[in-house]
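Q: Kindly return the folded structure for what I paste below:
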Amino acid sequence: LFFPCRRPPVPPAMADSAFGVPLATYFEALNASALVPWLLLALLPRWTLTEVVTWGFAAAYAVSYAALLCAASAAEGGLDVSAFNTLASTSALFRRDVVMVAGWNHYICFDLLVGRAMVVDAAACGLPQWLVTPCLAGTLVLGPAGWLLYQTAKFAFAAGGGVAK
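A: A predicted model of the protein is given here:
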C-alpha cells in the first residue's frame, strides 16, 4: 500500500526540503510557530481571537502534514503505509527525514487540537485557568500524559465540590 500521492521520484534536493526550505529549517520553524497558539491557550483562553488563531494554526499544520506525506510518497522509497506493521519497518520509515518531520508535524497538530479541546471543556466545566495551564504545558510537551493530567485535575476539581462535569 502506498499513500495516494505516489508520483515519480523527485530529485534528492527536493526530497530534503519542505515548501522550498531545508527540512531542518522547516522543523525549527514548526517548533517555534507552535508556541504561538499554545501561549494563547494558556494565557488568553477566552479571548475571541484565540479560537480563530488556534484553528488557523491547526489547519495550517494539517495542510503541511498532508503536503509532507505527498513529498514522502514522491521521494525515493515512497511511503509504504504497511511499514507500520512492525517495529523494524516503522523505525526504518522514520529514519527518513521527510517522514520524521511529517510525523513531528502530525504530533504538533494533534496535540494542539487536544489542547484546544481541553480549554473548551474547561470553560464549560468551570475549571479555573490556573488548574488548566499546567495540563496544557503537559500536553504540549508530553501529549497524552498532559491530557491524562487534565482529566485527573478535572475529576479532582469535581470531587472537591467544583462544578466540573
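Q: which stretches of this protein have low pLDDT?
A: Of all residues in the chain, those with pLDDT under 70 make up the ranges 1-15, 163-165.
Q: Tell me where it has strands.
A: Here the chain has its strands, by DSSP state E, at 17-18, 21-22.
Q: got the residue ranges for the helices in the chain?
A: Counting by DSSP state H, one finds helices in the chain at the ranges 12-15, 23-43, 48-74, 87-94, 97-125, 129-142, 144-159.
Q: Dump those to JSON lines, plus distance to residue 80.
A: Where you see a C-beta, it was placed from the backbone N, CA and C, and this is true even at glycine. As requested, the helices of the chain are exported to JSON lines (distance: least, Cβ to Cβ, whole Å):
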{"stretch": "helix 12-15", "distance to residue 80": "16"}
{"stretch": "helix 23-43", "distance to residue 80": "20"}
{"stretch": "helix 48-74", "distance to residue 80": "9"}
{"stretch": "helix 87-94", "distance to residue 80": "7"}
{"stretch": "helix 97-125", "distance to residue 80": "10"}
{"stretch": "helix 129-142", "distance to residue 80": "30"}
{"stretch": "helix 144-159", "distance to residue 80": "26"}
